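Engineer: Any chance you could fold what I've pasted below:
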Amino acid sequence: MSDALATFFSYSRDDSEFALRLAEDLKAAGANVWIDQLDIPAGMPWDRMVEDALNSCPHILVILSPISVKSDHVRDEVSFALSKQKRVIPVLYRECDVPFRMARLQHIDFRPDYARGLKLLLKALGVGHSPQPLAEKARLEQEECESKAAAEKARLKPEEAFSGDQAQASGKVTAQPAPGSRPGSFLSLGSGKELLTLDAHTDSVNCVAWSLDGNRLATGSEDATAKIWGAETGRELLTLHAQSGIRSVAWNSNPDEIWLATASNNEIVTIWNAVTGEQEADEAGNGCVLAWRPGGYWLAMSGEKTGLCVRDLSTGERLPIRDDHPFVSLAWSPDGKLLAAGTWDTDKLVRVWDADSGRQLLSLKAHDGGIYSLSWSPDGYRLATASNEGAVKVWDARSGKRLLTVTLAPQGAWNEVWAVAWCPGGKWVATGTQDGAPRVWDAESGEQCLTLREHGGAVKGVAWSPDGKRLATGSEDNTAKVWDVGSQLGL
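Structural biologist: Prediction:
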C-alpha cells in the first residue's frame, strides 16, 4: 500500500451511492483517498486488501447515517483507527445518533448543501490543487517525442508545399484502400473494446473532454446540458444547465482551479466549478467554440457575432490576436505559444498565430470544405485538420507543407469528418465521422489501425485520455462511449 493513499473510506454498503460520488469528487479534486469499490483490483482478496489499506492510511473518513452507525464493520474500523491514533473525520450524510466515541470530533455536514460540505472536506484534507499523475506521464511522453522530432520530420515526405495560400502539388501521399477491400474501407488491425456507454443526454452529444488527471469526462449536448462523469465507473457526477445547445467543452489546465468552460449555440461562454457545479463566471465571453491555453487562465473564444478573441479570465486582459472570421475550430499548441483556428465560411482557411505578439504565421487554404476540428501533435511540429469534405490532413505547422492526406469518404460518397484528436504519445490520430464509426490512424503513414463499433449516428467528438489508453466519443445517437484502445495499440 502506497503512503500516498492517505484517507480510508469507512461506510455502509447501503450508502454506496453517496460514498462513491464523494470518493470520485475527492479524487478528481486531487485528494488521495482509498475506497474498496474503486481501489481493489479484480481478483484480489477483498478482506486482505481492506485490512492493508486500513493499516496503511493515516486518516479515516467515516460516512455517518442511521445504517452505518449500527454497522459492525464500520464500528470495528473506527475503533481500530482510534486505537492507532489515526485521524478520524466524520461526514454526516443523514440524520443519526452519532456514536459516543465520535461525538466530540468535529464533523462535516453534507445534509443541507453537498457543494459546501465538499469544499470544507477538501480544506480539511489539505487539498489546494489537483495533482495530475496521468497528465504528467503524458508530458514526459511528449518530451520524449520532442527529442525524436528531428528524426521523425526527416522520415516524413511532404505532399505539397505552400506559397502563401496556394498549394503546389508535388507527389500526393493519400492513404489507399487495402487490396481486395470494398471502396471506402481500409485495412484494420483490430477493434477497441467498449468500456462505458453514457446515455443520460436527450439529444446529440457534440463534444467530449477528459479532465487533466483522467478521472472525469465532460460531455456537451444539444439538449443544453453539459455533464461530468466518473471516467472509471461511468457514474453521472454533475449536470450543468446552459441556455442553449452546447457546442464546446474544455477543462482548464491551471492546477489551482478545477474549471470547465462551455460554449453554447447562443454564443454564451460559461465557466463552471467542475467539483461543485457552481458557475464561476456567466457570460465570461462570447463564442460557440473555445480552447484553454495550457497552464493558465487564457481562454480563446470565437463566434459569428464577435470573431476571435483571447482573454485572461483572472484579469480581463486580452492578447493581441483579433480576427473577425467566425472560426468553428480552435486549438492551442502544447506549449501554448501558437493558436490555430479553422473557418467554415467560403475561404476554408486554417490560420496560425504567435499568441503573445498576435502575429499571423500561417494562412492555409486547407480544405474544400469547412474545417470542423483541429489537433496538434504532442511535439507541436504538426497540425491535423478535419473537414466536411471527408478528409483529414496533416501539416507541418511551421512551413505549411502538407505531409499527409487521409480520405475517409469512398469515391463519389460524402462522409463528413467532424472531429480529429492526436494521441498523447504522438503516434496515432483518432477521427469521428458522419458514418458513426470512430477510427484510429497511424499519424505518419495514414494506415488505419482501429475501427470502433459504430454509434447509431454521426460521431461529433473524440478525445484521448491523458495516458492515451482510452478514447472517448460523442455522437448524434445521444450517447458518449469510452473505449479501450490501448490494449489493441500495444500500450
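Engineer: hey, let's count contacts and neighbours off CA atoms from now on
Structural biologist: OK.
Engineer: Identify all contacting residues around stretch 430-441.
Structural biologist: Outside stretch 430-441, the residues that touch it by Cα atoms under 8 Å, 6 or more residues apart in numbering are 415-423, 428-429, 447-463, 473, 475.
Engineer: Filter the residues you listed down to just the buried residues.
Structural biologist: If you count burial by 16 or more other Cα atoms under 10 Å, the buried members of these come out as 415-423, 428-429, 447-452, 455, 457-463, 473, 475.
Engineer: In strands, which of these appear?
Structural biologist: 417-422, 428-429, 448-451, 459-463, 473, 475 (DSSP state E).
Engineer: Got the confidence number for His325?
Structural biologist: pLDDT for His325: 82.
Engineer: got the contact list for it?
Structural biologist: Contacts for His325 were tallied using Cα under 8 Å, 6+ apart; they are 304, 307-308, 343.
Engineer: before we move on, what SS does it have?
Structural biologist: Assigned state for His325: coil (three-state reduction, DSSP: H, G, I helix; E, B strand; the rest coil).
Engineer: measure Ala430 to Val406 for me?
Structural biologist: Distance from Ala430 to Val406, counting by Cα to Cα, to the nearest Å: 12 Å.
Engineer: Over to Lys365?
Structural biologist: Distance check for Lys365 against Val406: by Cα to Cα, it reads 17 Å.
Engineer: Those two: who's more crowded?
Structural biologist: Using other Cα atoms under 10 Å as the criterion, Lys365 and Val406 rank with Val406 on top: 21 against 18.
Engineer: Helices along the stretch 101-250 of the chain, start to end?
Structural biologist: For the stretch 101-250 of the chain, the helices defined by DSSP state H, counting those that start in this stretch cover 114-124, 133-147, 149-155.
Engineer: so which strand or helix has the closest residue to Ser10 other than its chain neighbours?
Structural biologist: In space, and not counting its chain neighbours, Ser10 is closest to Val62: 4.8 Å by Cα to Cα, 6 or more residues apart in numbering. Per DSSP states H and E, Val62 falls inside strand 59-64.
Engineer: what's the helix or strand that that strand is followed by in contact with?
Structural biologist: Going down the chain from strand 59-64, the next helix or strand is helix 72-83, by DSSP H and E. Applying Cα under 8 Å, 6+ apart, the contact partners of helix 72-83 are 10-12, 54, 59-60, 62, 68-69, 87-88.
Engineer: ok, of those, which come out buried?
Structural biologist: Buried among those (16+ other Cα under 10 Å): 10-12, 54, 59-60, 62, 68-69, 87-88.
Engineer: which one of those residues sits closest to Trp298?
Structural biologist: Trp298 has its nearest neighbour among the buried ones among the contacts of helix 72-83 in His59, at 37.3 Å by Cα to Cα.
Engineer: Quick check, pLDDT for the closest one.
Structural biologist: You'll see His59 listed with a pLDDT of 93.
Engineer: that older thread, is it possible to get the buried ones among the contacts of helix 72-83 out as CSV so that each row also shows distance to Asn388?
Structural biologist: Formatted as CSV, the buried ones among the contacts of helix 72-83 follow (distance: Cα to Cα, whole Å):
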residue, distance to Asn388
Ser10, 52
Tyr11, 51
Ser12, 52
Leu54, 55
His59, 54
Ile60, 54
Val62, 53
Ser68, 56
Val69, 59
Arg87, 58
Val88, 57
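Engineer: Of all the helices and strands in this structure, which has the lowest average confidence?
Structural biologist: Least confident helix or strand, the chain: strand 166-169 with a mean of 31, by mean pLDDT, DSSP states H and E.
Engineer: ok but Asp14 is inside a helix, no?
Structural biologist: Yes: counting by three-state DSSP, Asp14 is part of a helix.
Engineer: ok, how many other residues are close to it?
Structural biologist: 11.
Engineer: again with the one 10 residues further on
Structural biologist: As a burial measure, the neighbour count of Glu24 was computed by other Cα under 10 Å and equals 25.
Engineer: Next up, the contacts around the nearest residue to Thr479 once chain neighbours are set aside.
Structural biologist: The shortest distance from Thr479 to any residue other than its chain neighbours is 4.7 Å, reached at Asp199 (Cα to Cα, 6+ apart). When contacts are counted by Cα under 8 Å, 6+ apart, Asp199 touches 478-480.
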